[in-house]
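# Generate coordinates for the sequence data below:
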Amino acid sequence: MIKPQRFPFFYGYLIALVGTIGIWASIPGQTAGVSTFTDPVKDALSLTRDQFSLAYMIGTLLSSIVLTRAGKLYDRYGVRPTAALAVLVLAITLLLCSYSPGISGLLESLIGIRHWAIPFVVMVGLFFMLRFSGQGVLTMTSRNMIMKWFDQMRGRINAFSSVSVSLGFSASPLLIDLLIQHFSWQGAWQVMALGLVFVLGMILLFYKDNPESYGLHPDGSDSEISTASQSAGRDAFTLEEAKKTRSFWMYALILAFHAFFVTGLTFHVVSLFAEAGLTRTEAISIFLPMTVVSVLTSLIANFMSDWMRLKVFLYVMIAGALIASFGLLLIKNELGVYLLIIGLGVTGGLFAVINAITWPRYYGRQHLGAISGKAMSMIVMASAIGPYLFSVANTLTATYGSVGYVSLAFLLFMLIGSLKANRPMKGNTD
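I've put the predicted structure just below:
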């Protein structure tokens, strides 16, 4: 049994490494991991783009409903059992996804009816498990674990983690596409499921809860009472208290907007960028320059977050979202592509900062699972709506760009609503 207190260096640094690997492992359940499968899987199941997108939306919405409960279970049972169960469910789901045409065919034989509704329902169930275990629980538990082990160094450690995650997520569509070309789409899912077996072993060995449980303190400090320890106690907010503050909703909503926008774009990346005259390979490669912007933004923001007000980052993220929205409106022009790269690069870089740092800094660590779980449920819910709304917009208007009008209206509301999104104090509500 590994004992963090006997490590030759502060165990939190190892936590940052394995927690980052844990977030990487969630990629098969993230839109970046699913989007490359969209065209071959919908064709194999004889589903239209709208039907496949609707299945994704319903499955993701269902997962968002139970994520807050999962956050409370994380607070109760700890990171290791929660993360281990999540990665096990994710691996099993990937195997089931690889056999989805066979499962659909078997159900059609048993029922005696051949109809698109049967593969549709199968994919709803599989998307629910993918999104809940991968995008939801595994991501939330891994990120929260890292944040619990650091306080004054939280921004600097998150710089390492978020940059690594950005690079991994941006490279994943290209790597998964190579797996599909080499092993077929079924084989690609099976290879990723096998890889998760090793991640499960890592979680069981190295994932640890609060440093105080092992006689340690956040940041490796010798101080018996740290800022984080205080915030984890009497100054910590419950979920109900957090929901009464304006800041919770404004920060959660801008994170949700990014999820909505980037999920919709990523899910239809090949079709969407075809409007700009890009090939499939060029469309998938668009994530690389976007990641450069994201990584630079994340590095700067993470290091500045240790001493700068988070509200500054909130408004910069809104500005990035506005740039991306204008880029979508101009998608048929080259300028639109550049605006999307810049805008989503900025919002993607700040997403990792705001989502990791806001909840422990503003609301403490005692109920971190429940509070971040609620925020994650909003993020997942928004990510569910994105692909379907993008698909419907394209069907009705013959362009994905029309979604930009909806985005601009929402961001105007965010600009006004965030004026008083200051750091909350216990006993004060907006």
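# Contacts only, for L73.
With contacts defined as Cβ atoms under 8 Å, 6 or more residues apart in numbering, L73 is in contact with 82, 369. The way it works is simple: take the backbone N, C-alpha and C, and place the C-beta from them, glycine included.
# So for it, what pLDDT did the model give?
L73 carries a pLDDT score of 85 in this model.
# same thing with S223?
53.
# List phi and psi for L278.
Main-chain torsions, L278, degrees, to the nearest 10: phi -90, psi 150.
# what about it, how many neighbours?
Residues contacting L278 under the criterion other Cβ atoms under 10 Å number 17.
# Verify the stated contact: it with I286.
Yes - between L278 and I286 there is a contact under Cβ atoms under 8 Å: 7.3 Å.
# Secondary structure element holding the closest residue to G125 other than its chain neighbours?
In space, and not counting its chain neighbours, G125 is closest to G59: 6.9 Å by Cβ to Cβ, 6 or more residues apart in numbering. In the assignment (DSSP states H and E), G59 maps to helix 49-77.
# Could you point out the helix or strand that follows that helix?
Per DSSP H and E, the first helix or strand lying C-terminal to helix 49-77 is helix 79-98.
# Tell me where the model's unsure across the protein.
Across the chain, the ranges flagged by pLDDT under 70 are 1, 222-235, 427-430.
# Work out for me the element L272 sits within.
Applying DSSP H and E, one finds L272 within helix 269-274.
# Could you list the residues in contact with that helix?
Contacts with helix 269-274, where a contact means Cβ under 8 Å, 6+ apart, come from 35, 38-39, 49, 173, 265, 280, 282-284, 286, 331, 337, 390, 394, 400.
# Excluding sequence neighbours, find me the nearest residue to M304.
In this structure, M304 finds its nearest non-sequential neighbour in G155, 7.4 Å apart by Cβ to Cβ, 6+ apart.
# where does the residue of the chain most remote from its centre fall, phi/psi-wise?
Within the chain, the residue lying farthest from the chain centre (Cα atoms, centre = their mean) is G112, at 39.2 Å. When read as degrees, to the nearest 10, the backbone of G112 gives phi 80, psi 20.
# same question, A25
phi -60, psi -20.
# hey, where'd the strands end up in the stretch 101-250 of the chain?
In the stretch 101-250 of the chain, no strands are defined using DSSP state E, counting those that start in this stretch.
# Tell me which stretches of it form helices.
Per DSSP state H, counting those that start in this stretch, the stretch 101-250 of the chain carries helices over the ranges 117-130, 139-148, 154-206, 227-232, 239-243, 246-267.
# wait, Q5 sits on H217?
No - counting by Cβ under 8 Å, H217 is not a contact partner of Q5; they are 11.0 Å apart.
# When those two are compared, which one has more neighbours?
Shown here are Q5 and H217; by other Cβ under 10 Å, H217 has more neighbours (21 against 10).
# does that one really touch P211, like I thought?
Yes - contact criterion Cβ under 8 Å: H217 and P211 qualify, at 5.9 Å.
# show me the contacts for the residue nearest to M304.
Neighbouring residues of G155 by Cβ under 8 Å, 6+ apart: 302-306, 353, 357.
# Just the buried residues of those.
302, 305, 353, 357 (16 or more other Cβ atoms under 10 Å).
# Just want the angle from the helix or strand containing the last one to helix 246-267.
Assessed by DSSP H and E, I357 sits inside helix 334-363. Here helix 334-363 runs at an angle of 140 degrees relative to helix 246-267 (axes from the mean of the first three to the mean of the last three Cα atoms, to 10 degrees).
# With that, I have no additional questions.
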